[in-house]
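K.L.:
give the three-dimensional model of this entry:
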Amino acid sequence: MKRQQLTSFYFEALLLAAAFAAMILVLTGVFASARARSVEARRLTQAVTLAANAAEAASAADSAAQAAALLDEGGNVRVTANGLEAAYLADGSPCPDGSGALRLTLSWEPSAEDAALVVSRIAVYAAEEETPVYTLETARYRKGAAS
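P.N.:
This is a model prediction of the structure:
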């Protein structure tokens, strides 16, 4: 009788250990997934902040070069043919060497219907990705434009 009780004890302990190991595996997967979502959310939040700053600079500027001067922090912005491009680290700080985790592009295009209206498309990309993390389109009338 005593031998069967000992065998039952070991069997129950084995089942309990297996259940505990299964719970650890499931929770590890859940926490890893939560970590990945947290990184994505942090990147999206940073992209929205950078795009909002660029939209404010575009609203305050009369040209793409002036918007670039407003956004420039230590040489992280360069003027391109149809706007500007800026590089930032993952935490949103400027990256002067251009190899940051986030890349912001701002297009500066006069509207076809009204020459006084400037349309800007702001896109924030993760490093080396072609699909933007966040995009924002904005328009404004140039200062001193006739009504």
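
K.L.:
from here on, contacts and neighbour counts on C-alpha atoms
P.N.:
Noted.

K.L.:
check the offset of the helix or strand hosting A19 from the chain's centre.
P.N.:
Using DSSP states H and E, A19 sits in helix 2-60. Offset of helix 2-60 from its chain centre (C-alpha atoms, centre = their mean, to the nearest Å): 21 Å.

K.L.:
give me the helices and strands touching that helix, please.
P.N.:
With contacts taken as 3 or more C-alpha pairs under 8 Å, 6 or more residues apart in numbering; DSSP states H and E, helix 2-60 sits against helix 64-71, strand 102-107, strand 117-126, strand 132-141.

K.L.:
out of these, nearest to E85?
P.N.:
Comparison of the helices and strands packed on helix 2-60 against E85 by C-alpha to C-alpha identifies strand 102-107 as nearest, at 4.5 Å.

K.L.:
what number of residues lie near the closest residue to V133 other than its chain neighbours?
P.N.:
Once flanking residues are discounted, V133 sits nearest to Y125: 5.3 Å by C-alpha to C-alpha, 6 or more residues apart in numbering. Other residues within reach of Y125 by the criterion other C-alpha atoms under 10 Å amount to 21.

K.L.:
helices and strands around the worst-scoring helix or strand of the chain on mean pLDDT, which ones?
P.N.:
Lowest by mean pLDDT, DSSP states H and E among the helices and strands of the chain is strand 109-110, with a mean of 86. Judged by 3+ C-alpha pairs under 8 Å, 6+ apart, strand 109-110 is in contact with strand 117-126.

K.L.:
quick one on the thing from earlier: need the helices and strands packed on helix 2-60 in TSV with mean pLDDT, can you?
P.N.:
Listed next are the helices and strands packed on helix 2-60 as TSV, based on pLDDT from 0 to 100:
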stretch	mean pLDDT
helix 64-71	90
strand 102-107	94
strand 117-126	93
strand 132-141	93
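
K.L.:
where does the protein have low pLDDT?
P.N.:
1, 143-147 (pLDDT under 70).

K.L.:
swap the cut-off to 80 and go again
P.N.:
1-6, 98, 115, 142-147 (pLDDT under 80).

K.L.:
state the distance from V124 to L25.
P.N.:
36 Å (C-alpha to C-alpha, to the nearest Å).

K.L.:
of these two, who's got more company?
P.N.:
Under the criterion of other C-alpha under 10 Å, the comparison of V124 against L25 puts V124 first, with 28 against 11.
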